[in-house]
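[1] Let's see this in three dimensions:
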Amino acid sequence: MIFRRLPLYLLGAWLFLPSSAFAAERPSVAVTRLEAAPEIDGVISAGEWDRVPVLDRPFVQFEPEVGKPSPFRTTVRIAQTGSALVVAIESYDPDPERLSASVTRRDGEMDRDDSVAVALDTFSDQRTAYVFATNALATQWDARLADNGRTVDELWDAEWRCAARRLDDRWVAELEIPFKVLRFRSGDQQQWGLSFYRTVPRRLETSLWSGPTESLWRVSSFGTLTGLELTSHAKKTWLAIPYGLAVVDDSGDTDFEIGGDFRWRPSSTIGFDLTVNPDFALIEADVEVINLTRFELYIPEKRPFFLEGIDFFATPLSAVFTRTVVDPAGGLKLTGKSGRNALGVFLARDQVNNLILPSNQRSGFASLDPVSY
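    Purely as a prediction, here's the structure:
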């Protein structure tokens, strides 16, 4: 499945392929503007998609036969409404009874599922992109790519919709991606990077609309999406999520806590985030893991304040690990992008400062001053 890992044997196959195998011209498509948004129900109804051209370009295999056209036909429609990008993908299959799909948690394992995805390079910088994927049961998977696809951040979650339906000779997926969950340059008539993916697990196949590429998530190999009208979506926006909590113990004593998260977007490229005494009670609990090594475990980040703009801090050597901030009293974050330059800064005041000191026999533990920055 393309959304979890890149097998080493595929990397080895790429190293021995001639560069001419990846020299195909990248496709380009002009977006269609729809006044009325289609219903996201997995059905391409008459009248909803009639004005949208069908992209019938053959998908090209990334595996198992690198560079060859996929034997499975896949057609795509893409359009813009007043507030979102909408996509319809028809995945034809000569034996639809063999379709594989499973109900999992969001961003869960879909390695054995027939699935499709759309990837958007919204800054057209050939380095960063958003990916939205679903299977034949409309299970959602989303992520952000950085460093030309070398870093895949699966922890990022956005509010978007999808639906899927099986037919006699194919299965259909419809996706609606609101512009408000994306970051992009200001200005009208934009050009984004664009690609589509499809997996057929029974054939171990992954294929791409944008053509042959030497690595699966290589953003610089995307095609282009032109004609986007986004001036009205570059407005200043803000969001406040306050909370209040009262705790009464057995003796009748009452303790009150207040706090919240605050978000301000002066433009579609810059974001300020502030958290004060955050409450993480509604965050998904960590899976219990028994550590039989002398090294500290790497536990995924799930807290909204730290997840926002986390791709700005993603590096191959993992220089920033936000889970070391255990109990923040508050935090401030600035993330943004201008042209090919990106900026990410955050400050946190942590009320717990525990350390693990690994050794060759066992690890030691220490605590510093209760407050650290």
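
[2] Figure out the helix or strand that the residue most central in space within the chain lives in.
    The residue lying closest to the centre of the chain (CA atoms, centre = their mean) is residue 143, at 1.6 Å. Here residue 143 sits within strand 140-146, counting by DSSP states H and E.

[3] Okay, now the sheet partners of that strand, with direction.
    strand 129-135 (antiparallel), strand 151-153 (antiparallel) (DSSP bridges).

[4] what's the closest of the ones you listed to residue 245?
    strand 151-153 (30.3 Å; CB to CB). For the C-beta atoms, the positions are set from N, CA and C on the backbone; glycine is no exception.

[5] Just checking: what are the partner strands of the one helix or strand residue 263 maps to?
    Per DSSP H and E: residue 263 is located in strand 254-265. When pairs are called by DSSP bridges, strand 254-265 turns out to pair with strand 237-248 (antiparallel), strand 270-276 (antiparallel).

[6] Please compute how far it lies from its chain's middle.
    27 Å (CA atoms, centre = their mean, to the nearest Å).

[7] secondary structure class for the residue of the chain most remote from its centre?
    Largest separation from the mean C-alpha position in the chain: residue 251, at 47.2 Å (CA atoms, centre = their mean). With DSSP: H, G, I helix; E, B strand; the rest coil as the basis, residue 251 sits in coil.

[8] Against residue 178, how distant is it?
    Taking CB to CB, to the nearest Å as the measure, residue 251 falls 48 Å from residue 178.

[9] now do residue 287
    30 Å.

[10] Mind checking which of those two has more residues around it?
    Shown here are residue 287 and residue 178; by other CB atoms under 10 Å, residue 178 has more neighbours (15 against 7).

[11] Would you confirm that that one contacts residue 160?
    Yes: using CB atoms under 8 Å, residue 178 is in contact with residue 160, at 6.3 Å.

[12] hmm, back to that, let me see the contact set for the residue nearest to the centre of the chain.
    3, 107, 130, 131, 152, 153, 154, 156 (CB atoms under 8 Å, 6 or more residues apart in numbering).

[13] Just the helices from the chain, written as ranges.
    8-15, 304-307 (DSSP state H).

[14] Bridged to residue 247, which residues?
    Beta-bridge partners for residue 247, by DSSP bridges, are residue 255.

[15] Count the neighbours of it for me.
    9.

[16] One more: residue 157?
    Counted with other CB under 10 Å, residue 157 comes out at 16.

[17] show me the contacts for the closest residue to it other than its chain neighbours.
    Nearest residue to residue 157 in three dimensions, chain neighbours excluded: residue 142, at 6.3 Å (CB to CB, 6 or more residues apart in numbering). Going by CB under 8 Å, 6+ apart, residue 142 touches 107, 130, 131, 132, 133, 156, 157, 158, 160.

[18] cool, and residue 141?
    3, 106, 107, 108, 110, 115, 117, 131, 132, 133, 134, 154.

[19] Filter these down to the buried ones.
    Among the contacts of residue 141, the ones that count as buried by 16 or more other CB atoms under 10 Å are 3, 107, 110, 115, 117, 131, 132, 133, 134.

[20] residues in contact with residue 316?
    147, 150, 151.

[21] Pull up the per-residue confidence for the nearest residue to the second one once chain neighbours are set aside.
    Computed as CB to CB, 6+ apart, the closest residue to residue 150 that is not its neighbour in sequence is residue 316, at 6.4 Å. At residue 316, the predicted lDDT confidence score is 72.

[22] likewise residue 4?
    For residue 4, pLDDT reads 46.

[23] picking that back up, and the residue nearest to residue 157, how close does it get to residue 362?
    40 Å.

[24] Also residue 305?
    34 Å.

[25] if we can go back for a sec, mind putting the contacts of residue 142 in a markdown table, distance to residue 51 and pLDDT included?
    Converted to a markdown table, those look like this (distance: CB to CB, whole Å; pLDDT from 0 to 100):
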| residue | distance to residue 51 | pLDDT |
| --- | --- | --- |
| 107 | 34 | 76 |
| 130 | 25 | 94 |
| 131 | 27 | 95 |
| 132 | 23 | 96 |
| 133 | 26 | 94 |
| 156 | 32 | 83 |
| 157 | 32 | 84 |
| 158 | 27 | 86 |
| 160 | 22 | 94 |
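
[26] Kindly indicate which of these lies nearest residue 91.
    Nearest to residue 91 among these, counting by CB to CB, is residue 133 at 12.5 Å.

[27] Quick check, that closest one in contact with residue 113.
    No: taking contacts as CB under 8 Å, residue 133 lies outside contact range of residue 113: 9.7 Å.

[28] before we move on, back to that, quickly compare the strands paired with strand 254-265 and say which is most buried.
    Among these, strand 270-276 has the highest mean neighbour count (mean count of other CB atoms under 10 Å), at a mean of 18.

[29] what does that one contact?
    Against strand 270-276 from outside (CB under 8 Å, 6+ apart): 183, 259-266, 305, 308-309, 328-337.

[30] Can you list the buried residues in stretch 310-319?
    310, 311, 312, 313, 314.

[31] Can you flag the buried ones in the contacts of strand 270-276?
    Buried, going by 16+ other CB under 10 Å: 183, 259, 261-263, 265, 305, 308-309, 328, 330-333, 335-337, out of the contacts of strand 270-276.

[32] Output the below-cut-off pLDDT ranges for the protein.
    Scanning the chain with the threshold set as pLDDT under 70 gives 1-24, 186-188, 231-236, 268, 294, 296.

[33] so what's residue 50 up against?
    Residues near residue 50 by CB under 8 Å, 6+ apart: none.

[34] Please report how far it lies from residue 118.
    Applying CB to CB to residue 50 and residue 118 gives a distance of 21 Å.
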